[in-house]
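Enquirer: Have a look; sequence and predicted model below, questions after that.
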Amino acid sequence: MHEQAALKGERPARPAAEQWLGRIAIDLRNARDWSIGTLELEFQLNAVTAWFGSRVLAVMDRDQLRDWIIHPRGTRLPVDDLIWSAQYGSTYVAIGLGSEYRLSDASVRELTAVV
């Protein structure tokens, strides 16, 4: 079945049993490398909800976030009140139209592993 989907140019469906479900905390760092807060990401089967404190910032398509995290290619991924970006080998997130905050390397590794 996966081979037929690949031949048609479609992405094969991932079995739900392989999907990690739960929450992770992402440490956001400013330009001085100080922690400014925690972005919490809640993973559901098809969506990822981003929280900053008690505020929901974005509800993202899990596949779209996965594709971007694995291959950011210097592009931006705007979703609701978040803008993901990659520059000079680092991953950033901007909340609204505010400053961009860098994700620590450990946070990027954890995000990549669970997305």
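Expert: Alright, I've got the coordinates.
Enquirer: And for stretch 97-114, what's in contact with it?
Expert: 20, 22, 24, 26-31, 33, 36, 41, 43, 69-70, 83, 85, 90-95 (Cβ atoms under 8 Å, 6 or more residues apart in numbering). (Each C-beta comes from the backbone N, C-alpha and C, glycine too.)
Enquirer: So which of the residues you listed sit within helices?
Expert: Secondary structure assignment (DSSP state H) places Ile69, Ile70 from the contacts of stretch 97-114 within helices.
Enquirer: wait, isn't Trp68 in contact with Leu77?
Expert: Yes. With contact defined as Cβ atoms under 8 Å, Trp68 counts as touching Leu77 (4.5 Å).
Enquirer: Just want to know which of these two has more residues nearby.
Expert: Set side by side, Trp68 and Leu77 show more neighbours around Trp68, with 21 against 18, by other Cβ atoms under 10 Å.
Enquirer: and that one, what is it in contact with?
Expert: Applying Cβ under 8 Å, 6+ apart, the residues contacting Trp68 are Thr75, Leu77, Trp84.
Enquirer: The same query, at a cut-off of 7 Å, please.
Expert: Leu77, Trp84 (Cβ atoms under 7 Å, 6 or more residues apart in numbering).
Enquirer: can you map out the strands along the chain?
Expert: 22-29, 35-43, 47-52, 55-61, 76-79, 82-87, 90-95, 100-103 (DSSP state E).
Enquirer: Turn these into TSV, columns for distance to Glu110.
Expert: Shown next, in TSV, are the strands of the chain (distance: least, Cβ to Cβ, whole Å):
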stretch	distance to Glu110
strand 22-29	6
strand 35-43	10
strand 47-52	13
strand 55-61	16
strand 76-79	18
strand 82-87	15
strand 90-95	12
strand 100-103	10
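Enquirer: want to throw those into a markdown table with mean pLDDT and distance to Arg109?
Expert: Compiled in a markdown table, these are given as follows (pLDDT from 0 to 100; distance: least, Cβ to Cβ, whole Å):
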| stretch | mean pLDDT | distance to Arg109 |
| --- | --- | --- |
| strand 22-29 | 93 | 11 |
| strand 35-43 | 94 | 14 |
| strand 47-52 | 96 | 17 |
| strand 55-61 | 96 | 19 |
| strand 76-79 | 94 | 18 |
| strand 82-87 | 93 | 14 |
| strand 90-95 | 92 | 10 |
| strand 100-103 | 92 | 10 |
